[in-house]
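A.B. asks: Next comes the sequence, and after it the predicted model I'd like to discuss.
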Amino acid sequence: MNAPTVIRVPVPGARSVVALLAHRGGSRGERPAEAGYAHLLEHLTSRRGNDRLSGRELAREAERLGADLGAETTFETVAFHVHARADAAERATRLLLTAMQPGPVTADALRAERAVVLQELGGYRDTRAFEAERLAGAHAYGEHPLGRPVLGRPDALRAATPERVDAFRRRTWLPAPRVLVLAGAAEVLDTIDTDGFDDPPAGGGAGRPTGAWEPGALPAPRGATGTGRLPGLPAEARTIHRLDGRLDLRTRCAVALLADLLGAGPDPVLARRLGLPAGVVRARAACHADVAVLQSAYLGARVQERLLDEVDEALREIAADGPPPRVLARVRGALAGRTTLSLDAPAAVAQLAARQALLWGEPPDRDAVIAGLESVTEDDIARVAGAMRSAGRFLLHAVPTTTTPPAAVPTPSTTTRAAPRRPAPTASRGPQSPVGATRT
């Protein structure tokens, strides 16, 4: 038995509750021949139903309750959730438990969900932003799962069999650490029955774990410059800087502030250095369990050759002298404000609590995130800038071409709902925030 840690997080003023069952075991646990299995298995778990309720009946029951039933796969985690008004929270949580108990994966079920996943993957294949991320990830991480798209590769998905999917489930899902987060209206949180969640997510039947869950070591940074090609689309330059090691809250907050100093607001450092308008050069950061990644990107051909040098020089100056105090104060206020507003929502609070527990072993505390942003010093940001500058850097210099694009296109996370799918309104939900919440 692999019982989840139950976490209850009251959200003052909330009139709804989110129940979120999450475990380690996202795409990071995949082997090359399993690329896409975590997302595929998420589909097979959350959409199929069981001998009590079919997938369509699950969707209808969620609709009757006015609830949002869905799932998400990222590099690091797989999460299943239901979001309902407070007076329906108990029934909605029972519905989530029912959805998590499908029978064994059959050849017919695999064929049906694989078609959905391949269609989803195909919808992204011509998207410039995702193709650029695929190239950048492959250059930064090589064959490591962090260098592959969460959606996987068509060849691996087509070769999947029920036996191979079940072997992946028993190796990565069953032994993985798990949490059940209940976040929202305080008056009902303690009344929600969590019995029945002690069994691991079935994902396709019973069986025993095969070994202990391991995320896999990261490849060493490579100080190299790579050239990629974007098919028939505008040229783009991207730089990638890595910071490996355990990421405490203070470090994650410093990484987030550094990214915003470089590429956010009305007067970002990179745009000023390159003589470009604000917003033309972007910078963003993402924190996984044991590595922080800082990416900068410029769409166009004007300053591609200078981008890496200017990013490096900006990091060198910040490492030596610290960030300008007045600029840091403005960026800190903006980021703290955005984070506070996002964490007023029970769904964001539940996601944050799950990531804090599973990735970094921290207690759920949204106030600690805001306090962390406020407590980061100029020296903290200088330390992170210096470490990222020396740890490894990569330049993706993408050139327009008419070459047919590779089929696999990455997404930091993908969302599955029990209801019939609709095309995503945008190509990306954005990276996982360094402070733990999901940016949308």
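C.D. replies: Done, it's in.

A.B. asks: Okay, now the unreliable bits of the stretch 301-440 of the chain?
C.D. replies: Low-confidence segments of the stretch 301-440 of the chain (pLDDT under 70): 301, 398-440.

A.B. asks: quick check, residue 368 in a helix?
C.D. replies: Yes. Per DSSP: H, G, I helix; E, B strand; the rest coil, residue 368 lies within a helix segment.

A.B. asks: Assess the claim that it and residue 252 are in contact.
C.D. replies: No. When contacts are counted by CB atoms under 8 Å, residue 368 is not listed as touching residue 252 (11.1 Å). All C-beta spots, glycine's among them, are computed from the backbone N, C-alpha and C.

A.B. asks: Tell me which of the two has more neighbours.
C.D. replies: residue 252 (24 against 18; other CB atoms under 10 Å).

A.B. asks: all strands of this protein, in order?
C.D. replies: Using DSSP state E, the strands of the chain run over 5-10, 16-24, 68-74, 77-85, 178-184, 224-231, 236-244, 281-287, 291-299, 393-401, 413-417.

A.B. asks: How many residues are close by residue 177?
C.D. replies: 17.

A.B. asks: do you know how far the closest residue in space to it that isn't next to it in sequence is from residue 242?
C.D. replies: For residue 177, ignoring the flanking residues on the chain, the nearest one in space by CB to CB, 6 or more residues apart in numbering is residue 24 at 5.2 Å. According to CB to CB, to the nearest Å, residue 24 and residue 242 sit 21 Å apart.

A.B. asks: sorry, back to before: mind putting the strands of the chain into a markdown table with mean neighbour count?
C.D. replies: Below are the strands of the chain laid out as a markdown table (neighbours: other CB atoms under 10 Å):
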| stretch | mean neighbour count |
| --- | --- |
| strand 5-10 | 16 |
| strand 16-24 | 27 |
| strand 68-74 | 24 |
| strand 77-85 | 24 |
| strand 178-184 | 27 |
| strand 224-231 | 16 |
| strand 236-244 | 24 |
| strand 281-287 | 23 |
| strand 291-299 | 23 |
| strand 393-401 | 21 |
| strand 413-417 | 19 |
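
A.B. asks: Can you list the low-confidence ranges for the stretch 1-150 of the chain?
C.D. replies: Low-confidence segments of the stretch 1-150 of the chain (pLDDT under 70): 1, 49-51, 102, 125-126.

A.B. asks: The same query, at a cut-off of 80, please.
C.D. replies: Within the stretch 1-150 of the chain, the segments meeting pLDDT under 80 span 1-2, 46-55, 101-103, 123-133, 136, 139-140, 142.

A.B. asks: just the helices in it please.
C.D. replies: 37-46, 55-65, 89-99, 107-124, 128-141 (DSSP state H, counting those that start in this stretch).

A.B. asks: just the stretch 301-440 of the chain next, same as before
C.D. replies: 304-321, 325-342, 346-360, 366-375, 378-391.

A.B. asks: Count the residues that sit near residue 195.
C.D. replies: For residue 195, using other CB under 10 Å, the count is 7.

A.B. asks: please begin residue numbering at 495 from this point
C.D. replies: I'll keep to 495 as the first residue from here, and by that count the last item is residue 689.

A.B. asks: how far away is it from residue 546?
C.D. replies: Applying CB to CB to residue 689 and residue 546 gives a distance of 17 Å.

A.B. asks: Next: residue 627.
C.D. replies: The spacing between residue 627 and residue 546, counted by CB to CB, is 40 Å.

A.B. asks: Which one's more surrounded, these two?
C.D. replies: residue 627 (23 against 9).

A.B. asks: hang on, residue 858 packs against residue 851?
C.D. replies: Yes. With contact defined as CB under 8 Å, residue 858 counts as touching residue 851 (6.6 Å).

A.B. asks: Find residues that contact each of the two.
C.D. replies: Residues touching both residue 858 and residue 851 by CB atoms under 8 Å, 6 or more residues apart in numbering: residue 501.

A.B. asks: how about the helices of the stretch 795-934 of the chain, which one is nearest residue 570?
C.D. replies: helix 840-854 (5.9 Å; CB to CB).

A.B. asks: Which strands or helices does that closest one pack on?
C.D. replies: strand 499-504, strand 510-518, strand 571-579, strand 672-678, helix 860-869 (3 or more CB pairs under 8 Å, 6 or more residues apart in numbering; DSSP states H and E).

A.B. asks: What strands flank the first one, and is each parallel or antiparallel?
C.D. replies: The one in question is strand 499-504. Applying DSSP bridges, strand 499-504 is found paired with strand 672-678 (parallel).

A.B. asks: can you check the third one too?
C.D. replies: The partner list of strand 571-579 in its sheet, established with DSSP bridges, is strand 510-518 (antiparallel), strand 562-568 (antiparallel).

A.B. asks: Of those strands, which is nearest residue 871?
C.D. replies: strand 562-568 (30.2 Å).

A.B. asks: relative orientation of that closest one and helix 840-854 in degrees?
C.D. replies: 30 degrees (axes from the mean of the first three to the mean of the last three CA atoms, to 10 degrees).

A.B. asks: could you dump the strands paired with strand 571-579 to a markdown table with distance to residue 813?
C.D. replies: Listed next are those as a markdown table, based on distance: least, CB to CB, whole Å:
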| stretch | distance to residue 813 |
| --- | --- |
| strand 510-518 | 33 |
| strand 562-568 | 30 |
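
A.B. asks: Right, I'll call it a day here.
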